[in-house]
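Trainee: Quick one, structure for this:
(one chain, ligands or ions: 1)
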Amino acid sequence: MTSTPFIIAIDGQAASGKGTLAKRLAAHFAFAHLDTGALYRAVGVTVLRRGEAPENVEAATAAARSLTPEDLDVLIQDPEIRSAEAGPAASKVSAIPSVRTALFDLQRNFVTHPPGGAAGAVLDGRDIGTVICPEAPAKLFVTASLEIRAERRVKELQNSGKTVNAATVLAEMRERDARDSGRDVAPMVPAPDAFLLDTTTLNADQAFATALAFVQSKMGLTP
Ligand code: DC
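Mentor: This next block holds a predicted model:
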């Protein structure tokens with residue numbers, strides 16, 4: 001008999017450091033990792049490539065329905081989903097209820113059957129602890145000040161060779177925060193049992209150490 005996978009749910013704001021944390025926790029425990037933002041980014045980019053607006057319900061729903069579990073590995077590596085346009089497009093398609101419904105089973109399937117037979121899974125996004133995995137024993141909600149997050153995103157885009165306007169990045173991030181937390185369906189809110197981690201003054205190693213200690217406590221392990 002195989003035991004139920006151990007789920008680590010990580011939600012939080014754009015560029016809060018949740019993705020890095022999720023990757024490091026997954027590597028530490030040899031768990032599978034799903035960046036759920038990549039799903040919404042892929043939907044957003046597909047709609048833009050088809051010349052449609054991300055707010056177009058039919059186009060976005062069709063793009064979401066066409067994603068399969070087999071697409072996941074390729075999708076995560078696609079540099080286009082990390083472009084400056086992909087974030088806002090993802091945020092817009094993610095406010096459409098039928099898009100979220102179309103991506104639900106894909107995410108649940110990952111949780112119940114982590115790829116590679118892993119003993120657990122780490123998912124990061126906006127609604128993992130509240131909607132996708134309310135049963136997860138370890139939930140984190142990661143935040144950082146708007147200025148620090150915009151600075152991090154500018155560096156990330158510059159490191160990938162892109163020319164960026166810092167003021168535009170900050171304005172788009174502010175708008176995205178408001179849209180992600182203000183939408184009617186699955187808004188970005190901490191689950192009542194989530195551990196709140198503010199990374200404003202933490203470097204990646206400090207954030208990881210704090211998150212690891214929390215997860216280990218939920219696993220009944222002594223750090
Ligand atoms: O985490 P990210 O920046 O890659 O996410 C891109 C957008 O996708 C984000 O602005 C909101 C949306 N998203 C969501 O609504 N639910 C998730 N679980 C993950 C992302």
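
Trainee: got any ranges where this protein has weak pLDDT?
Mentor: For the chain, the stretches flagged by pLDDT under 70 are 1-2, 223.

Trainee: could you pull out the strands for it?
Mentor: Taking DSSP state E, the strands of the chain run over residues 6-12, 32-35, 120-125, 138-143, 195-198.

Trainee: strand partners of the second one, parallel vs antiparallel please.
Mentor: By that I understand strand 32-35. Strand partners for strand 32-35, identified by DSSP bridges, are recorded as strand 120-125 (parallel).

Trainee: So for the strand it pairs with, could I get the coordinates as CSV, restricted to C-alpha?
Mentor: Taking C-alpha atoms only, strand 120-125 is exported to CSV below (Å, rounded to 0.1, in the frame of the first residue of the first chain):
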residue,chain,number,x,y,z
GLY,A,120,5.1,14.3,-2.0
ALA,A,121,4.4,17.4,-4.1
VAL,A,122,5.1,21.1,-3.7
LEU,A,123,2.7,23.4,-5.6
ASP,A,124,3.1,27.1,-5.8
GLY,A,125,0.4,29.7,-6.9
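
Trainee: Centroid-nearest residue for the chain?
Mentor: Gly125 (2.7 Å; C-alpha atoms, centre = their mean).

Trainee: That residue contacts Gln13, doesn't it?
Mentor: No - with contact defined as C-beta atoms under 8 Å, Gly125 does not count as touching Gln13 (11.3 Å). The way it works is simple: take the backbone N, C-alpha and C, and place the C-beta from them, glycine included.

Trainee: List, one by one, the residues from this structure near the ligand.
Mentor: 14, 36-37, 40-41, 87, 90-91, 94, 125-128, 176, 180 (C-beta under 6 Å from any ligand atom).

Trainee: Let's have the strands of the chain in TSV, adding distance to Leu67.
Mentor: Output for those, formatted as TSV (distance: least, C-beta to C-beta, whole Å):
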stretch	distance to Leu67
strand 6-12	21
strand 32-35	12
strand 120-125	15
strand 138-143	25
strand 195-198	29
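
Trainee: Quick one: closest of the ones you listed to Glu80.
Mentor: strand 32-35 (14.7 Å; C-beta to C-beta).

Trainee: ok now the closest one, how far from the chain's centre?
Mentor: The chain centroid and the centroid of strand 32-35 are separated by 9 Å under C-alpha atoms, centre = their mean, to the nearest Å.

Trainee: what does stretch 44-52 give?
Mentor: The answer for stretch 44-52 is 20 Å, by C-alpha atoms, centre = their mean.

Trainee: Show me which positions of that stretch end up buried.
Mentor: Of the residues in stretch 44-52, Gly44, Val45, Thr46, Val47, Leu48 count as buried by neighbour count, 16 or more other C-beta atoms under 10 Å.
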